[in-house]
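**Student:** give the three-dimensional model of this entry:
(one chain, ligands or ions: 2)
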Amino acid sequence: MKPTLQGIAASDGIAIAKVYTLTEPDLTVTKVTVEDSEKEVSRLDDALAASIKDVELIKETALKNLGEEEAQVFDAHLMVLSDPELIGQVKDSITSNKVNAESALKEVTDMFISIFAGMEDNPYMQERAADIRDVSKRVLAHLLGVKIPSPATIKDEVIIVAADLTPSDTAQLNRQYVKAFVTDIGGRTSHSAIMARSLEIPAIVGTKEVTSIAKDGDIIIVDGLSGDVFLNPSEEVIAEYRAKAEAFAAQQAEWEKLKDSKTYTKDGHQVELAANIGTPKDLEGVVNNGAEGVGLYRTEFLYMDSHEMPTEEDQFEAYKAVLEGMNGKPVVVRTMDIGGDKELPYLPLPHEMNPFLGYRAIRISLNEPEMFRTQLRALLRASVYGKLRIMFPMIATLNDFRGAKALLEEEKAKLIAEGVAVSDDIQVGIMIEIPAAAVLAHQFAKEVDFFSIGTNDLIQYTMAADRMNERVSYLYQPYNPSILTLIKHVIDSAHKEGKWAGMCGEMAGDQTAVPLLVGLGLDEFSMSASSVLKTRSLISKLTLSDMQALAAKAINECATVEEVEALVAEAVSKI
Ligand code: PEP
Ligand code: MG
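**Tutor:** Ligands and ions are numbered 1, 2, ... in the order given. Okay, the predicted model is just below:
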């Protein structure tokens, strides 16, 4: 049977369950004159009571799944739902204007939202605006009788279908119930895809139209290995996919045997396989999958999971937990990478035409030095609890690096003067994700301790193809000879200066790319924890000299990505 839809396979595995749509409901309100105001007031009271019940349930679940701090936002929502001033004004408007509850609610809450949101230098009031916006949507949905999805309250095994999932939606998903997800938009390197891999649930992104086809309760099969989606399949297809899921589980059990090994090619060349994490909670997956370190800790999730700027203490605790959890194995912590598709509710960024080319990552950190210094201090204080490596994201010029390093040195000197212990063995490196830095790697290599190639961005910037846009996702071409040439220059430049080169973009765990990267001399591969064991298994079957010849051939003789793919497929078929 042909699949109903095809998308981009974003996270391995096979799942079969019922659809749960996570789509924005239609909350269009029409103003109607009513005779019976009392009835409207009582409809409003019912909707408020139902909303309070919802929010209490969400709060309870968030408390269990996510922790106290994340659950606090729902207290604010409960306060709005019983705020006498706001509710009083809505009721007044119903009675004095003789209008329906929906339109009175909308008018009054819109007014409060615009007053609070306009207080630009008052983040507290802006947050209240966000609370009222959220809560009023819920009450409106009850008044209009439409469903408002709440991923945190899911209590059955489901597969989520959504246009896209924001990082905070993804953070709310409970693996026990959410078996997979499928989206309309996104690519292999969009953050929802990355989160799916760290949650280790199958995911397919960029199907373009799953939300217009799938309905709540439909049976759906998600094949995260091929990108195939089946809606309401026959019993025969279900049986076929149950068998595939079992075969996949058996393959995983085989890889499991490599959990406690180091990573060598067949002829004894050693590389390091590390994992990418977003929060300290991901460490479990890192340890269970036998990673030899953390090659990328995306600290921006610490900022995104909070309702206010995390304090130095909050950050210190998180970094310490990761360093201790890794027990002396290296941990590369990337300083905050906000911007692009990652926003902070309490740090309003200007709306930009091209956020991926705009005010992002180190550019924000250098422009907001106090915020950056807080992060650096927390990192330096945590450094004595393990093997810390600090990495700056989105470095374009040597001045970016020098500016960031100078702030780090200043904070280090201050802490030492204050008598605080700081490790004297912290490597400081950069991500290579902007082509300018890749091209100038031979200069950067003289000043940094290491490189980590961020191919998710390096490819989008080199190919001029937005990583979030599925229309141009065919240009995400990790094996394009142009990309391989840049990578080679970065690795060779590091080695010439006696430094190491790693990769923490998704390409590092891509099974077609791995033989090429081994051949190019990459020292460290950092990937989703769920890819570590299969990559260790693949590398153990490769021979260094053969891979060197393969990579040289790909760069010197191939003109297109298809030629490189064919070359690798042929080489791998012989191992
Ligand atoms: C990258 O760009 O390859 C990378 C690892 O960073 P992020 O995906 O967080 O932008
Ligand atoms: Mg990046």
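**Student:** domains of this structure?
**Tutor:** Segmentation of the chain into domains, based on the TED database, reads 5-23+153-253, 37-144, 259-573.
**Student:** could you tell me the least trusted of those domains?
**Tutor:** Sorting the domains of the chain by mean pLDDT places domain 37-144 lowest, at a mean of 87.
**Student:** against ligand 2, how distant is the residue nearest in space to the middle of the chain?
**Tutor:** Geometric centre of the chain, nearest residue: His191, 3.4 Å, by C-alpha atoms, centre = their mean. Per C-beta to the ion, to the nearest Å, His191 is found 10 Å from ligand 2. Any C-beta I mention is one placed from the backbone N, CA and C, and that applies to glycine too.
**Student:** what's the longest helix in the protein?
**Tutor:** For the chain, the longest helix by residue count, based on DSSP state H, is helix 37-65.
**Student:** quick revisit: which one of the domains of the chain lies nearest to ligand 1?
**Tutor:** The closest of the domains of the chain to ligand 1 is domain 259-573. By C-beta to the nearest ligand atom, the value is 2.9 Å.
**Student:** close to ligand 2, is the closest one?
**Tutor:** Yes: against ligand 2, domain 259-573 shows contacts by C-beta under 5 Å from the ion at 433, 454, 457.
**Student:** the first one: neighbouring residues, count only.
**Tutor:** Under the neighbour criterion other C-beta atoms under 10 Å, Glu433 is assigned a count of 26.
**Student:** now do the phi/psi pair for it.
**Tutor:** Dihedral pair for Glu433: phi -140, psi 0, per degrees, to the nearest 10.
**Student:** Pro345: neighbour count?
**Tutor:** Applying other C-beta under 10 Å, we find 17 residues neighbouring Pro345.
**Student:** how about it: what's its closest non-neighbour residue?
**Tutor:** Distances taken as C-beta to C-beta, 6 or more residues apart in numbering put Ala130 closest to Pro345, at 5.9 Å, once the chain neighbours are dropped.
**Student:** right, and the domains of the chain - which one's nearest Thr30?
**Tutor:** Nearest to Thr30 among the domains of the chain is domain 37-144 (7.2 Å), distances taken as C-beta to C-beta.
**Student:** helix, strand, or coil at Pro149?
**Tutor:** Recorded secondary structure, Pro149: coil (DSSP: H, G, I helix; E, B strand; the rest coil).
**Student:** return the distance of the closest residue in space to it that isn't next to it in sequence relative to Ala163.
**Tutor:** Using C-beta to C-beta, 6+ apart and skipping the chain neighbours, the partner closest in space to Pro149 is Leu22 (4.6 Å). Here Leu22 is placed at a distance of 8 Å from Ala163 (C-beta to C-beta, to the nearest Å).
**Student:** which residues of this structure lie near ligand 1?
**Tutor:** Listed as neighbours of ligand 1 in the chain under the rule C-beta under 6 Å from any ligand atom: 189, 296, 298, 337, 433, 454-457, 504-505.
**Student:** the same query, at a cut-off of 5 Å, please.
**Tutor:** Contact residues (C-beta under 5 Å from any ligand atom) of the chain with ligand 1: 433, 454-457, 504-505.
**Student:** can I get these in CSV with distance to Asn276 and secondary structure?
**Tutor:** Supplementary listing: these in CSV, determined by distance: C-beta to C-beta, whole Å; DSSP: H, G, I helix; E, B strand; the rest coil:
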residue, distance to Asn276, secondary structure
Glu433, 14, coil
Gly454, 10, coil
Thr455, 12, helix
Asn456, 10, helix
Asp457, 14, helix
Cys504, 6, coil
Gly505, 9, coil
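**Student:** in TSV: the domains of the chain, plus distance to Lys31.
**Tutor:** Listed next are the domains of the chain as TSV, based on distance: least, C-beta to C-beta, whole Å:
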stretch	distance to Lys31
domain 5-23+153-253	25
domain 37-144	4
domain 259-573	30
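**Student:** got a list of what the closest residue to Glu292 other than its chain neighbours touches?
**Tutor:** Nearest residue to Glu292, sequence neighbours excluded (C-beta to C-beta, 6+ apart): Glu272, at 5.0 Å. Glu272 sits next to 263, 292-293, 295, 330, 502, 523-525 when contact means C-beta atoms under 8 Å, 6 or more residues apart in numbering.
**Student:** and those residues, which is closest to Pro233?
**Tutor:** Of the contacts of Glu272, the one sitting nearest to Pro233 (C-beta to C-beta) turns out to be Phe525, at 36.4 Å.
**Student:** number of nearby residues for that closest one?
**Tutor:** Applying other C-beta under 10 Å, we find 30 residues neighbouring Phe525.
**Student:** that's a strand at it, yeah?
**Tutor:** Yes: going by three-state DSSP, the assignment for Phe525 places it inside a strand.
**Student:** how about it, nearest residue that isn't a chain neighbour?
**Tutor:** Sequence neighbours aside, Ala508 is the residue nearest to Phe525 in space, at 4.3 Å (criterion: C-beta to C-beta, 6+ apart).
**Student:** please settle this for me: is Ile16 part of a strand?
**Tutor:** Yes: under three-state DSSP, Ile16 sits within a strand.
**Student:** look up how far Pro310 lies from it.
**Tutor:** From Ile16 to Pro310 the distance is 39 Å (C-beta to C-beta).
**Student:** all helices for the stretch 251-400 of the chain, in order.
**Tutor:** 283-288, 300-304, 312-325, 362-367, 369-382, 398-417 (DSSP state H, counting those that start in this stretch).
**Student:** any idea which of the ones you listed is most buried?
**Tutor:** helix 300-304 (a mean of 23; mean count of other C-beta atoms under 10 Å).
**Student:** can you measure across stretch 532-551, start residue to end residue?
**Tutor:** 22 Å (C-alpha to C-alpha, to the nearest Å).
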